[in-house]
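Enquirer: Here is a sequence with its predicted model. Questions after.
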Amino acid sequence: MDETADLPLVDQHCHPVVLEPLDRAGFELLLTEAHEPGPAGTSQFDTQVGLAVRRWCAPVLGLEAHADPDAYLTRRAELGPREAARLLLGACRTSDLLVDTGLRHPGLCEPAELAGLSGGRVHEVTRIEAVVEELAASGVEAAALGPAVADALADRAARSVAFKTVAAYRVGLELPADPPSSADVRRAADRWLTDCEWKDRYRLDDPTLVAHAVHTSLSLGLPLQVHTGYGDPDLTLHRADPSLLTPFLRALPPATGPVVLLHCYPYHRQAAYLANVFPQVLVDVSLAVNHVGPRGPAVLAETLELAPFGSLLYASDGFALAELHHLGAVLFRRALARVLDEWLADDAMTADDARRIARLVAHDNARRTYHLEPS
Amino acid sequence: MDETADLPLVDQHCHPVVLEPLDRAGFELLLTEAHEPGPAGTSQFDTQVGLAVRRWCAPVLGLEAHADPDAYLTRRAELGPREAARLLLGACRTSDLLVDTGLRHPGLCEPAELAGLSGGRVHEVTRIEAVVEELAASGVEAAALGPAVADALADRAARSVAFKTVAAYRVGLELPADPPSSADVRRAADRWLTDCEWKDRYRLDDPTLVAHAVHTSLSLGLPLQVHTGYGDPDLTLHRADPSLLTPFLRALPPATGPVVLLHCYPYHRQAAYLANVFPQVLVDVSLAVNHVGPRGPAVLAETLELAPFGSLLYASDGFALAELHHLGAVLFRRALARVLDEWLADDAMTADDARRIARLVAHDNARRTYHLEPS
Amino acid sequence: MDETADLPLVDQHCHPVVLEPLDRAGFELLLTEAHEPGPAGTSQFDTQVGLAVRRWCAPVLGLEAHADPDAYLTRRAELGPREAARLLLGACRTSDLLVDTGLRHPGLCEPAELAGLSGGRVHEVTRIEAVVEELAASGVEAAALGPAVADALADRAARSVAFKTVAAYRVGLELPADPPSSADVRRAADRWLTDCEWKDRYRLDDPTLVAHAVHTSLSLGLPLQVHTGYGDPDLTLHRADPSLLTPFLRALPPATGPVVLLHCYPYHRQAAYLANVFPQVLVDVSLAVNHVGPRGPAVLAETLELAPFGSLLYASDGFALAELHHLGAVLFRRALARVLDEWLADDAMTADDARRIARLVAHDNARRTYHLEPS
């Protein structure tokens, strides 16, 4: 399956990159989902993703494979962060990047800059919790918040290819099957805004308001991306098990747009099951594939036990470091090729089948889901 | 381990087949656990089970391996559904089929017909929820329902080799350790029958009545099969995690008959653990093995990490399509051979051990559990 | 990676062995986590651990590999349990054994005897629930119990290298983020002691008292080992999912000593995630590796998807049978070598990286965590 190396990829979920210089401590903190460095004597390079940076990114920057961490960071600094990002993103052969614009971090570039750096087209994904938080911070009053959210999401729908929710982080994935009533939304807004003012921080963690934003998004017909599975330590893992979404998914009206389960690990088999039995559900194994190094084929194969070939998407979930986008692409291509080769060797499919499955997963499913033109 | 190809199998859990003509849409809907077809442009043949039908069933019907879906369905129609079923079931080399008679579907044949089609012996498994529902629909009154269930289950015990519960679908697997009192059963019957009449539908979803049927079944000494893990989208996956059964299993009196955890995926490691620590618990990986194609060896190997070799059973869970019974048998034999070959290559056991384990899993464990005569 | 065969191991969690003669039934019961023997006609040798004893322990006792169970037990009896233990433990090349002294069983040797038998150094791990139970059984009154626990744990800290909690068995892993108040502890002590007297049994199963002991231990600065994942059938598996610890771990003050998740299977991916995002969390896959035979590499590889190489420890969790300590060491070395060899073959790391990772996991991480001198 050497063909996987040349397939254009649609990266259906990623973030901007940092284009400012990073020292080793700064680079290491962005290489992990942890919020703090490890104990003295440990390094984030002592992880699968650390090894993978040395193995796969070093040659892109003109070093030997497996260059040591300091050599890598020295070379990266010599090139400058922008040139390093251009090399790493440009080597992904990504035709389209769907960029979540709702996660803030110092030094992140504008989404549009990713187009120039990567040579791909950039499309916006609107994070619905950020929309609610911005409205609240701008001083919208409780009585007006519910309708204002609906208006703002409708506005964003016009310029976005998808919505995204981080309900997993905020309230867990037991989303209600039905939208909350206006009265409930109003009461919740009252309570939550009071709490925000008291804390002087606008972080949407009210279940009713999250449900309102989720159901409003769905009603607008765009695909809804749902964070599931692992992430940074703000998250309580078992509350992000996609199986918790079952009652919500079961109640979706047939005409609802696609629901895309992001990441999913270590519940990717559960997510694949949902994609198997709910026609409007799709899944990816982003974040996992660029973090687990040589274990990508294992994770992908587990997902493809039950996920229909028309329901699996590619994404990197690359954030801040262009290395993470690059590893997503390289390791996903390799994992897909490995898995398909094994199944060909096992005579489980024909070479034509394998090529078609590779195209579905690399870009066709994403183009169908997000109405993207072929590149 | 070429011997696995010739071992007679006991299919300890399956369903009748449809012997009426099926068009492509009808066939595809029976090939999946989903209740609805996928989005336009997708096909249920774009799954592991779809590939497996083309790979393994096509040659049984006289086509090349990997025949395309339309060619397969054309050939199937030419032969006629009965002849196709005879070929597919006959090639399973199944000595005994334990048939769940409680799941209704238009066009399903009588269980006894499976004997003629497959060349194996057929034994009935009584689904306890169906017994309760039939009594309720027949007009039994609330006060009489509890005792009537006990009587009907005792009747069925005389002609069944096992009971089966779908509590996972109806109330989740947190079954109570103790049987409910007669007074509780009566109150529950009152409530549930009123609700059924109001809905004009008899679907047993009352936890007390389910518990009454489960505990009554156990007291009758037959093995009790318990649906666990994945299934169709009526089910909420995490509520079917077999670990939820732990307090129930811990409280089982030592003299209770075997409790057999069906399917289990993706919680098959959890199920294997229960089989490891509770001597009366057995497991299978049915439904999974015929749906995951080339991943059968991986699923089986994970199960055999902790499941004692005397506690694993074979089943297809084939339903409606004889293809599913056929794939169960073919893929299970292949998975077992692959796994044992790897362990032999690793010098983890002798060839005699491997042959004995294969016989245990293929039929000896099932004969011991259900008191079946060797074929 | 032949080097793994020679690396000294730190067994960071194990138990004493039985040095009295055992008949076949007695040996089989100690070979399993089950509390009762299996049905007639089954044997605990029909498990991965049973095969592994025949494969790996038989040659240490001077028999052919794969000796049958009776031959093995006959030879063991001829040598005598002490000599068999000396051979099996001596062949582990374990430099240090951290011994949990809180699990009682008839015939267990003194921890100190393990030093002579194994040639390694022995360090005590104090099980905190046992400390509370001993105080209660000694007649400490409710009002004094909380402070007495704090005093006793401080005493034990002086002679222990770590604390261990079996909260998973007693109350599940949803430990509170904050320590309970003195008033709450006193009320809980009152309730629990009354209950113990009534039952005439001192088994710590009160959540407030468990939380008091856990938080007191943490405040003493020693590493805290936490049982997670599978064990004997007293445990309800899903309540031992380490993900349940997330709110507790998130609230740990940065200066807290390491928290070590023991066993973890089948939630080892969840545990590895916690080790990835919480710098003070470490994990092992003890109990699993010696029970799953040829599947050790698979379990270890899954753990090393997200566990930083500086956060994985070795342990056998050997209990009662020196065979379990021996299998822990042999199978862990083999699993580590296999996994690293695969990753080398995949060019995911250099040979120097592989050797360094092997040393971290075999002993360096444990020495850093428990402040042990190199051997």
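Expert: Received the coordinates, thanks.

Enquirer: State the next helix or strand along the chain beyond the lengthiest helix in chain A.
Expert: Assignment by DSSP state H gives helix A:322-345 as the longest helix of chain A. Using DSSP states H and E, the helix or strand that follows helix A:322-345 in sequence is helix A:351-359.

Enquirer: Packing partners of the next helix or strand after that following helix?
Expert: Helices and strands here follow DSSP H and E; after helix A:351-359, the next one along the chain is helix A:365-370. Here helix A:365-370 touches strand A:9-14, strand A:312-313, going by 3 or more Cβ pairs under 8 Å, 6 or more residues apart in numbering or on different chains; DSSP states H and E. Backbone N, C-alpha and C define where each C-beta goes, glycine included.

Enquirer: Output those in TSV; the columns should cover mean neighbour count, mean pLDDT and distance to residue C:308.
Expert: Output for the helices and strands packed on helix A:365-370, formatted as TSV (neighbours: other Cβ atoms under 10 Å in any protein chain shown; pLDDT from 0 to 100; distance: least, Cβ to Cβ, whole Å):
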stretch	mean neighbour count	mean pLDDT	distance to residue C:308
strand A:9-14	28	98	24
strand A:312-313	27	98	28
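
Enquirer: ok, now how distant is the nearest residue to residue A:91 once chain neighbours are set aside from residue A:319?
Expert: In space, and not counting its chain neighbours, residue A:91 is closest to residue A:60: 5.3 Å by Cβ to Cβ, 6 or more residues apart in numbering or on different chains. Distance of residue A:60 to residue A:319, computed by Cβ to Cβ, to the nearest Å: 18 Å.

Enquirer: swap in residue A:56?
Expert: Residue A:56 is 17 Å from residue A:319, by Cβ to Cβ.

Enquirer: who's more crowded, those two?
Expert: Neighbour count, other Cβ atoms under 10 Å in any protein chain shown: between residue A:56 and residue A:319, residue A:56 has more, with 24 against 20.

Enquirer: isn't the more buried one right next to residue A:326, touching?
Expert: Yes: between residue A:56 and residue A:326 there is a contact under Cβ atoms under 8 Å: 6.9 Å.

Enquirer: Now do the contacts for residue A:185.
Expert: The neighbours of residue A:185, taking Cβ atoms under 8 Å, 6 or more residues apart in numbering or on different chains as the test, are A:145-146, A:208-209, A:212.

Enquirer: Please, where are all the helices along the stretch 51-200 of chain A?
Expert: Using DSSP state H, counting those that start in this stretch, the helices of the stretch 51-200 of chain A run over A:58-60, A:69-79, A:81-90, A:111-118, A:128-137, A:142-159, A:167-170, A:182-199.

Enquirer: Disregarding residues adjacent in the polypeptide, which is nearest to residue A:172?
Expert: residue A:239 (3.6 Å).

Enquirer: Could you check how far that neighbour is from residue A:265?
Expert: Counting by Cβ to Cβ, the gap from residue A:239 to residue A:265 is 15 Å.

Enquirer: Same question for residue A:160.
Expert: Residue A:160 sits 26 Å away from residue A:265, going by Cβ to Cβ.

Enquirer: Same question for residue A:146.
Expert: Here the criterion is Cβ to Cβ. By it, residue A:146 lies 34 Å from residue A:265.

Enquirer: repeat for residue A:272
Expert: If you go by Cβ to Cβ, the gap between residue A:272 and residue A:265 works out to 11 Å.

Enquirer: Which residue ranges make up each domain of chain A?
Expert: Domain segmentation of chain A under automatic domain parsing yields A:2-19+A:89-370, A:22-79.

Enquirer: And the shortest one, how far out from the chain middle?
Expert: Between the mean C-alpha location of domain A:22-79 and the chain-wide mean there is a distance of 22 Å, by Cα atoms, centre = their mean, to the nearest Å.

Enquirer: Over to the longest one?
Expert: Going by Cα atoms, centre = their mean, the spacing between the C-alpha centre of domain A:2-19+A:89-370 and its chain's C-alpha centre is 5 Å.

Enquirer: first vs last residue of it, how far apart are they?
Expert: With Cα to Cα, to the nearest Å as the measure, domain A:2-19+A:89-370 spans 27 Å from end to end.

Enquirer: Chain B contacts on chain A?
Expert: Counting by Cβ under 8 Å from any Cβ of the partner chain, chain A comes close to chain B at A:241, A:243-244, A:246-247, A:249-250, A:254, A:258, A:269-270, A:273-274, A:276-280, A:301-302, A:304-306, A:308-311, A:342-343, A:346-350, A:353, A:357, A:360, A:368.

Enquirer: of all of the stretch 1-150 of chain A, which residue lies closest to chain B?
Expert: residue A:1 (14.6 Å; Cβ to the nearest Cβ).

Enquirer: how close does that residue sit to residue C:117?
Expert: In this view, residue A:1 and residue C:117 are 53 Å apart by Cβ to Cβ.

Enquirer: and residue A:190, what does it touch?
Expert: Counting by Cβ under 8 Å, 6+ apart, residue A:190 makes contact with residue A:142.

Enquirer: check contacts around residue A:302.
Expert: A:268-269, A:272, B:295, B:298.

Enquirer: rerun that using 10 Å as the cut-off
Expert: For residue A:302, the contact set (Cβ atoms under 10 Å, 6 or more residues apart in numbering or on different chains) comprises A:265-266, A:268-269, A:272, A:285, A:339, B:266, B:292, B:295, B:298-299, B:302, C:302.

Enquirer: same check, this time on residue A:248
Expert: Applying Cβ under 10 Å, 6+ apart to residue A:248 gives the contacts A:167, A:173-178, A:211, A:214-215, A:218, A:226, A:259.

Enquirer: out of these, which are inside strands?
Expert: With DSSP state E as the criterion, strands contain A:226, A:259 from among the contacts of residue A:248.

Enquirer: just to revisit the earlier point, ok, the residue of the stretch 1-150 of chain A closest to chain B - contacts?
Expert: For residue A:1, the contact set (Cβ under 10 Å, 6+ apart) comprises A:7, A:333-334, A:336-344, A:351, A:354-355, A:357-358.

Enquirer: now do residue A:14
Expert: Listed by Cβ under 10 Å, 6+ apart, the contact partners of residue A:14 are A:89, A:92, A:94, A:97-100, A:111, A:114, A:118, A:122, A:125, A:286, A:315-319, A:324-325, A:328.

Enquirer: and if we set it to 8 Å?
Expert: The contact partners of residue A:14, by Cβ under 8 Å, 6+ apart, come to A:97-100, A:114, A:315-319, A:325, A:328.
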